[in-house]
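J.: Just need the structure, nothing else, for what follows:
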Amino acid sequence: MGRKDLPLVGIFATCSPARPNPVCAMVVRLLERKGNVLKVQGLDAIDGSPLIDIKPYNPGYYAAEDVKVADWMAQIYREIAQGKW
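T.: Numbers count the residues shown, from 1 in each chain. Below is the predicted model of the structure:
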């Protein structure tokens, strides 16, 4: 987005319509992270399947309850609500 007040994230960390790959998405609960290994709950996939895309939860795109939203994502939604976008 070119904003210095937000962390630098790539296009794969967003739900932008400009994404280069249309993929199926689902919300899962992150149970644990050890380095680059994530342990999640609720993933509808065959054990050992590769994951090509992991992004932060975006309440504008996915409906889920009891979700923790990244601070930078919450900031963007506050700004949208205030009409700054």
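J.: sec struct for V40, please.
T.: Secondary structure assignment for V40 (DSSP: H, G, I helix; E, B strand; the rest coil): strand.
J.: what's the answer for I52, then?
T.: Under three-state DSSP, I52 comes out as coil.
J.: count of residues packed around it?
T.: 8 (other Cβ atoms under 10 Å). Placement of C-beta: from N, CA and C, glycine included.
J.: Let the chain start at 382 from now.
T.: Taking 382 as the first residue, the last one we looked at is I433.
J.: what's the distance between it and G464?
T.: In this view, I433 and G464 are 35 Å apart by Cβ to Cβ, to the nearest Å.
J.: With P388 instead?
T.: For P388, the distance to G464 - Cβ to Cβ - is 23 Å.
J.: and if you look at N417?
T.: For N417, the distance to G464 - Cβ to Cβ - is 39 Å.
J.: Comparing P388 and G464, which residue is more hemmed in?
T.: Neighbours per residue (other Cβ under 10 Å) separate P388 from G464, with P388 holding more: 9 against 6.
J.: Great, nothing more from me.
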